[in-house]
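> Provided below for reference: sequence and predicted model.
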Amino acid sequence: MKEYIEYIKMIVVLSTISAVCGFGLAAISAFTKERIEEQKLLNVEGPTVKKILAGSTNDLIKDRKEIVINKQKYIVFIGKKNGAPWALAYTTDGTGFGGEMSVMIGFDLINDTLAGVGITSHKETPGVGSRVTEDSFTKTFKDKGLNAVFKIKADGGVIDAVTGATVSSRGVCGAVQKGVPLYQDIKKQVLK
Amino acid sequence: MASIAQEFTKGFWKEIPPFRLVLGICAALAVTKSLVDGFGMGIALIFVLVCSNIIISMLRKVIPKKVRLACYIVIIATFVVIVELITQAYVYSLYEALGIFIPLIVVNCIILGRAEAFASKKSVLRSALDGLGIGAGYTLALVFLGALREILGRGTLFAGSQYVINLFGPSFKPYAFMVEAPGAFVCLGLLLGIMNVLGD
Amino acid sequence: MEYVVLVITAILIKNILLAEYLGNCPFIGTSKKMSTAIGMGMAVIFTIALAGALTWAIQKYALNPLNLGYLQTIVFILVIAALVQLVEFFLKKSVPPLYKALGIFLPLITTNCAVLGIAVLNIRRDYNFLEMLVFSIAGSTGFSLALILMTGIRERYEITDIPRPLQGTAISLITAGLMAMAFLGFSGVDTALKALQ
């Protein structure tokens, strides 16, 4: 009997402690969640957004919207000049040489052209495939019309691939191809 | 019976980790690439150590002996997750710099060691002071090691904060070995040797 | 080929002990005798492979869908602690010779940060199942390799005249530093292998 009580005590104590800890953590996690999300955006995507939407006068991280298209959630950053939106940017993904890569695409709302492209995360080989993150490659997308063929020249498109990093360049192009068709829908929802 | 003050001060010399108490070596090696990182880790550890010591000491009469380690681990891990969430929300750069070594505070033997050897037997006040003292001693060691490695390995101090000081000017060739893994091991080993000489 | 690179990186280039600083307490503690080191090494490989797979599955199929990512640390350490107990129990009952060889090391493994470290790295690096398995086994093999090499060196301390203040942990750390330096010589091998493809 004594042993039995001890077992119950063990279980009760352990589960009480676990429950209290679990609820405490849930509360703290709920409290910090929003800020953590913002910090992540600021540190992971922030630098890229600022580059692509350079010239904006608003707080790009704060002025973001979540937009759902085909059940997929997109975080859309909106660049404003003198209070009026002039550009937006969102992230899509492609497959490079080392695996998945996240590519942010910026659009100029006034001319309906690409405002710029930036790679926010990738697993490409340092010094080889990773060169697609450099400005010399990403700037070839800038100011292109939405109807341009976003493929590397070897595949019949308009983009110069980085020498020695064909697969990685193709990955970036794939992400852009995936992102461009969403633009009109997203633009409509943002300007609504 | 040691006086209350001694519970606090022993952490600075008599039982300073990781030198006297050879515990917590991993973190001491991994996060001392710079002074700021070392300091941040130290503060995180003090928080976890003091909080878990207090709670464990409070519950010392309730927790059955057989499941005590499981209880300690849950309590410690909870505070570690709190640190994880707070650094992520308010000091993201530190969160990035410390990387997986924030969750690994859970298995830092200093904390479980103090829980088992001290907090499970002594009063709340003593346990809190013990945690504070040992934690502060560890922080001191991390800051010292971090400063040493940063000065030699990068030629700067306080890198990672806004008060970066460039110590030797542009002609200085950093002794990069010091910020790499081998430098960490050798540095800690030599410091330990020096501590032994001073202690004798 | 991808996996060959992963194995070589985990064992030689980014050795979990000498480059990633994980698992140093048992490294210093159990590298005094060769038989102990080999036992510890085997126990670590066994536990990490199991713990890696289990924690990976829990993260993918329980924590992620339930949005409980913040509980990762607490769940992982409990899973590892429970797993170690179970393994100990299982070995004792069904494979006594293995238990005799590894048994005393098992309790030490719960607080070996290489175990939790590899489990967390598997998630942070976003490995798929196969990559996770390869990395867990290769990473723990790297640990055991470094541990056994270190023990080989430490066994010679007995016949060496070491300055008194450096005896014990200090000289072990310096030795580890020199080993880490030797392992630095492997850096670049992965890039070369990738370029071969």
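Looks like it came in fine.
> Tell me the residue in chain B that is farthest from the middle.
Relative to the mean C-alpha coordinate of chain B, counting by CA atoms, centre = their mean, the farthest residue is B:Ser171 (34.0 Å).
> Distance check, that residue against chain C.
With the distance defined as CB to the nearest CB, to the nearest Å, B:Ser171 ends up 26 Å from chain C. Any C-beta I mention is one placed from the backbone N, CA and C, and that applies to glycine too.
> Spell out the residue ranges of the strands in chain C.
Applying DSSP state E to chain C gives no strands.
> same check, this time on chain A
For chain A, applying DSSP E gives strands covering A:64-69, A:72-81, A:84-95, A:100-108, A:113-121.
> what does the last one contact?
Outside of strand A:113-121, the residues within contact range by CB atoms under 8 Å, 6 or more residues apart in numbering or on different chains are A:44-45, A:48-49, A:51-54, A:79, A:87, A:89, A:91, A:101-108, A:132-133, A:138-139, A:141-146, A:172, A:176.
> Now do the SS call for the residue farthest from the centre of chain B.
For B:Ser171, the secondary structure call by DSSP: H, G, I helix; E, B strand; the rest coil comes out as coil.
> So what pairs up with A:Asp93 in the strands?
Taking DSSP bridges as the rule, A:Asp93 bridges to A:Ser102.
> Okay, it and chain B: tell me how far apart.
For A:Asp93, the distance to chain B under the criterion CB to the nearest CB works out to 22 Å.
> For the residue farthest from the centre of chain B, give its distance to B:Gly155.
Look at B:Ser171 and B:Gly155: by CB to CB, to the nearest Å, they are 10 Å apart.
> ok, now B:Ile43?
The gap separating B:Ile43 from B:Gly155 is 25 Å, by CB to CB.
> likewise A:Ile11?
In this structure, A:Ile11 lies at 58 Å from B:Gly155, with CB to CB as the measure.
> higher neighbour count, the two?
Legend: neighbour count by other CB atoms under 10 Å in any protein chain shown for A:Ile11 and B:Gly155, higher for B:Gly155 (19 against 12).
> quick one: that one and B:Ile165 touch, right?
No - applying CB atoms under 8 Å as the test, B:Gly155 and B:Ile165 come out as separate, 9.6 Å apart.
> Thought A:Ile61 was touching A:Leu42, still the case?
Yes - at 5.2 Å, A:Leu42 counts as touching A:Ile61 under the criterion of CB under 8 Å.
> Get me the contact residues on chain A for chain C.
Contact residues, chain A versus chain C (CB under 8 Å from any CB of the partner chain): A:Cys21, A:Gly22, A:Leu25, A:Ser29, A:Thr125, A:Pro126, A:Gly127, A:Val128.
> how near is the first one to A:Ile69?
With the distance defined as CB to CB, A:Cys21 ends up 39 Å from A:Ile69.
> And for the fifth one?
When CB to CB is the yardstick, A:Thr125 and A:Ile69 sit 33 Å from each other.
> higher neighbour count, those two?
Set A:Thr125 next to A:Ile69 and count neighbours by other CB under 10 Å: A:Thr125 wins out with 20 against 13.
> Excluding residues flanking it in the chain, which one is nearest the more buried one?
Across the structure, with CB to CB, 6 or more residues apart in numbering or on different chains as the measure, the residue nearest A:Thr125 apart from its sequence neighbours is C:Lys194 (5.3 Å).
> With A:Glu100 instead?
Excluding the flanking residues, the one nearest A:Glu100 by CB to CB, 6+ apart is A:Asp93, at 5.6 Å.
> Now do the same contact list for the one you found.
Under the criterion of CB under 8 Å, 6+ apart, the contact list for A:Asp93 reads A:Glu100, A:Met101, A:Ser102, A:Val103, A:Ala175, A:Lys178.
> out of those residues, who's nearest chain B?
A:Ser102 (17.2 Å; CB to the nearest CB).
> Count the residues that sit near the residue nearest to A:Thr125.
Applying other CB under 10 Å, I find that C:Lys194 has 18 neighbouring residues.
> Point to the residue nearest the middle of chain C.
When chain C is reduced to its mean C-alpha position, the closest residue under CA atoms, centre = their mean turns out to be C:Ser140, at 3.6 Å.
> show me what contacts that residue?
Listed by CB under 8 Å, 6+ apart, the contact set of C:Ser140 reads C:Ile16, C:Val44, C:Ile45, C:Thr47, C:Ile48, C:Ala49, C:Ala114, C:Ile118.
> Please identify which of the residues you listed is nearest to C:Lys33.
Distance to C:Lys33 across the contacts of C:Ser140 (CB to CB) is lowest for C:Val44, with 16.0 Å.
> so what pLDDT did the closest one get?
C:Val44 is assigned a pLDDT of 88 by the prediction.
> Leaving aside the residues adjacent along the chain, what's closest to it?
Spatial nearest neighbour of C:Val44, chain neighbours left out: C:Ser140 (5.2 Å); criterion: CB to CB, 6+ apart.
> With chain B as the reference, measure out to the one you found.
The spacing between C:Ser140 and chain B, counted by CB to the nearest CB, is 15 Å.
> what's the distance between that residue and C:Tyr127?
From C:Ser140 over to C:Tyr127 the distance is 15 Å, taken as CB to CB.
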